[in-house]
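Kindly return the folded structure for what I paste below:
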Amino acid sequence: MKWTLVLTGWLLVSSHAFAQAADAATTQELIQKLLSRIDTLEKRITELEKGNSPAPVAQAPKPAPPPALEHDHDAPPQPETAAQATYPSLKISGFSDFNFAATDLHGASGGFGAATMLNSHTGFQEGQFILHFSSALSPRVSFFGELSLTARSDAGTGTPAAPGFNVEVERAAIRFSQSDYLKVSFGRYHTPINYWNTAFHHGQWLQTTISRPEMTQFGGSFIPVHFVGSLVEGVVPAKGLNLNYNLGLGNGRGSVISRPGDFGDINNNRAWLANMFIRPDALYALQVGGSVYHDEISPATGLPAREWIQSGHIVWHSETPEVIAEFANVTHRPLNGTSVVSNSQAFYAQVAYRLPWKQKLWKPYYRFESIHVPRSDAIFRAVPSFAGSTTGLRYDISTFAAFKLEYRYYNRRDLTPIHGAFSQVSFTF
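You can find the predicted model right below:
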């Protein structure tokens, strides 16, 4: 005890002074008295410390954190203890990218959108500027929002002049978490109809490659990328299989089938979906699952039809190697009962491997993908039918920034093939 040490030192110094002034017998008697006094003081200090010590206070349990919306960086910040909890607790993060593209495309793109960077102009492009807003509203309630700003090719034209960027609310959802088994949310989502669409959002830093597979491309029509409605989801242990489920009900596609029904369902027929996948404990990196989606669509061009989508995926969540493979079938059955039922298929398989040397900063990858749309499918006339290969290399400049270099070859139906070279710097902040 510090007080004992201080007191002992002081007394010893004092005893030394007295020893010089007295005879040996007197000094010895004095030392004995001082040692006795030290023992008494030590006992007294011990009693005082025991009597004045505050009773131990039980630490308040931490509130159960609301689950993340797809990614850890999407999760709202959580306080250390209940006493530190303040709501709402807002966290803002961002993503962006800058690109360079050069292709031998001379003419029609064949249905590929601007997001693929396949166009007849060579040069730099500013990618999407993304902001994430995540907030804990209570221990069991959280909000997540995603806002994107995308450069417009027609900026400054028209009357009034078109702005330089389109602003879009990509996601906005409020989630109520009863437990890991049951969560209910309402809002605008990335449709949980396949793996890529929910695993990778608009921030391109997160994904290995520069571009998304064409079947799940933002602005594409093959699957409904966004969904407005309600989701019930959760995880069931299932003897170590860890069964994840999503059940959704909401507005279907809009009159422009690449967009959701943000202003309501255009034909008063709700779309519904069911998605399930497992992530077993024994094979922690494995994910296997499938989805079903049903809607009645009324496109601006083409006949109304019932739409069924079945999809499946298998994923190895690792970087040594990374393996992602998905397949989807889209069935369109026209409501007039006279036209031919059509089935369109798409799939991709992607492999990547983070090299063990050079601080594990290099990650080569390859993807093969294909979309086949029968000529009888009038609804998917604008969807490209093609088979293509993508090969590239990712280099992590830092923990939060990456440089990617990519080559693509797309063999389009009834059109000349496309060769292209692409590079990208993507980052999060």
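
hey, where'd the strands end up in the stretch 151-300 of the chain?
165-179, 182-190, 226-236, 243-251, 271-278, 286-297 (DSSP state E, counting those that start in this stretch).

domain parsing for the protein?
Using automatic domain parsing, the domain parsing of the chain gives 2-52, 88-428.

Of all those domains, which one comes closest to Pro76?
Ranking the domains of the chain by proximity to Pro76 (Cβ to Cβ) places domain 88-428 first, at 3.8 Å. Where you see a C-beta, it was placed from the backbone N, CA and C, and this is true even at glycine.

What average pLDDT does that closest one get?
For domain 88-428, mean pLDDT is 95.

just to revisit the earlier point, buried deepest among the domains of the chain, which one?
Burial of those is given as mean neighbour count (mean count of other Cβ atoms under 10 Å); domain 88-428 ranks first at a mean of 18.

How far off centre is that one?
Domain 88-428 has its C-alpha centroid displaced from the chain centroid by 12 Å (Cα atoms, centre = their mean, to the nearest Å).

Now do it: distance from first to last residue.
When the termini of domain 88-428 are compared using Cα to Cα, to the nearest Å, they are 23 Å apart.

So Ile210 is in contact with Asn99, correct?
Yes. Counting by Cβ atoms under 8 Å, Asn99 is a contact partner of Ile210 at 7.1 Å.

Contact partners for Tyr407?
Contacts for Tyr407 (Cβ atoms under 8 Å, 6 or more residues apart in numbering) come out as Thr390, Thr391, Gly392, His419, Gly420, Ala421, Phe422.

Sticking with the fifth one, tell me its helix or strand.
This means Gly420. Element membership for Gly420 (DSSP states H and E) is strand 418-428.

helices and strands around that strand, which ones?
Judged by 3 or more Cβ pairs under 8 Å, 6 or more residues apart in numbering; DSSP states H and E, the packing partners of strand 418-428 are strand 89-103, strand 401-412.

contact partners of it?
73, 93-105, 117-118, 127, 203-206, 210-211, 392, 397, 400-410, 412.

could you redo the last one with a cut-off of 6 Å?
Contact with strand 418-428 is made by 95, 97-105, 117, 204-205, 210, 400-410, as judged by Cβ atoms under 6 Å, 6 or more residues apart in numbering.

strands paired with it, and their directions?
Looking at strand 418-428 with DSSP bridges, its partner strands are strand 89-103 (antiparallel), strand 401-412 (antiparallel).

Which among those is found nearest to Asp265?
Using Cβ to Cβ, the strands paired with strand 418-428 put strand 89-103 closest to Asp265, at 31.0 Å.

Ser148 is in contact with Glu170, correct?
Yes. Look at Glu170 against Ser148 with Cβ atoms under 6 Å: they come within range, at 5.2 Å.

got any residues that touch both of those two?
The contact sets of Glu170 and Ser148 overlap at His202 (Cβ under 6 Å, 6+ apart).

show me the contacts for Leu243.
Neighbouring residues of Leu243 by Cβ under 6 Å, 6+ apart: Val236, Ile278.

meant to ask about Leu415
Gly110.

Let me see the ranges of the helices in the stretch 1-150 of the chain.
Secondary structure of the stretch 1-150 of the chain, counting by DSSP state H, counting those that start in this stretch: helices at 2-21, 24-52.

Mean pLDDT lowest where, among the ones you listed?
Of all these, mean pLDDT reaches its minimum on helix 2-21 (a mean of 42).

picking that back up, what would the strands paired with strand 418-428 look like in TSV with distance to Ser426?
Converted to TSV, the strands paired with strand 418-428 look like this (distance: least, Cβ to Cβ, whole Å):
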stretch	distance to Ser426
strand 89-103	4
strand 401-412	6
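
closest one to Lys360 among the strands of the stretch 151-300 of the chain?
Taking the strands of the stretch 151-300 of the chain one by one with Cβ to Cβ, strand 286-297 is closest: 21.9 Å.

quick one: the closest one to strand 226-236, angle?
140 degrees (axes from the mean of the first three to the mean of the last three Cα atoms, to 10 degrees).

Kindly calculate the angle that the following helix or strand past strand 286-297 makes with strand 271-278.
Sequence order places strand 305-316 as the next helix or strand after strand 286-297, per DSSP H and E. Strand 305-316 runs at 20 degrees relative to strand 271-278, counting by the same axes, to 10 degrees.

Give me the nearest residue to Ile335, chain neighbours excluded.
To be clear, residue 335 is Leu; Ile isn't right here. Nearest in space to Leu335, with sequence neighbours left out and distances taken as Cβ to Cβ, 6 or more residues apart in numbering, is Pro304 at 4.7 Å.

on that earlier part again, pull the most distant pair out of the contacts of Tyr407.
Gly392 and His419 (14.0 Å).

ok, residues contacting the helix or strand harbouring Val351?
Using DSSP H and E, Val351 sits within strand 342-352. Outside strand 342-352, the residues within contact range by Cβ under 6 Å, 6+ apart are 208, 213, 215, 222, 321-325, 327-332, 363, 365-374, 376-377, 380.
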